[in-house]
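**Q** okay, sequence plus prediction incoming.
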Amino acid sequence: MNDRELIDQEEIHSKVLRAGRRTSFFDVRSTKAGDYYLTITESKKFTHDDGSFHYKKHKIYLYKEDFAAFKENVIEMMDFIIDEKGTEVISERHQKDFKKEDHQQNGEMKSPENFTDIDFDDI
């Protein structure tokens, strides 16, 4: 059995979350002993000037014994962010055409009517 067949055999359940240039993969996999664990992979696409591209991937392995503490910490951090900043996205920096100097005028942020709406379905 080759490595790819072994990987396919171990994958039990998957979900994908796309967000701009980033894609997150949530995969339930099986250990050699038949137990399950979670891998979370973030993949970011980078395009070169010549049109070619590459992906950078970062992976987290999460085992059942760590689920409770991991979940508690993630929830605590998300609650902190929402309590401190609310749910509204207040930064345009996540947009691929963001340029800091375009958003400042005499040290102040430009008004929203100067911004261009972007449809993320086009990305």
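**A** Cool, the structure landed.

**Q** how much space between Asp50 and Arg18?
**A** For Asp50, the distance to Arg18 (C-beta to C-beta, to the nearest Å) stands at 25 Å. From N, CA and C alone the C-beta is placed, and that goes for glycine too.

**Q** let me fix that: Asp79
**A** Between Asp79 and Arg18 the computed distance is 25 Å (C-beta to C-beta).

**Q** SS state for Met78?
**A** Assigned with DSSP: H, G, I helix; E, B strand; the rest coil, Met78 falls in the helix class.

**Q** so how many other residues sit close to it?
**A** Met78 sits with 10 neighbouring residues when counted by other C-beta atoms under 10 Å.

**Q** now this structure, which segments are flagged as low pLDDT?
**A** For the chain, applying pLDDT under 70 flags the ranges 1-10, 92-123.

**Q** which parts of it are helices?
**A** 3-10, 67-85 (DSSP state H).

**Q** Val28: which of these is closest?
**A** The closest of the helices of the chain to Val28 is helix 3-10. By C-beta to C-beta, the value is 9.4 Å.

**Q** hang on, the earlier thing: which of the helices of the chain sits closest to Ser43?
**A** Judged by C-beta to C-beta, the one of those that comes nearest to Ser43 is helix 3-10, at 15.7 Å.

**Q** re the thing from before, more neighbours: which of Asp50 and Arg18?
**A** Taking other C-beta under 10 Å, Asp50 and Arg18 do not tie; Arg18 has more neighbours (11 against 6).

**Q** who touches that one in this structure?
**A** By C-beta atoms under 8 Å, 6 or more residues apart in numbering, the residues touching Arg18 are Ser24.

**Q** in the sheet, who's paired with it?
**A** Counting by DSSP bridges, Arg18 is bridged to Thr23.

**Q** which residue is the nearest non-sequential neighbour of Phe46?
**A** Using C-beta to C-beta, 6 or more residues apart in numbering and skipping residues adjacent in sequence, the residue nearest Phe46 is His54, 5.6 Å away.
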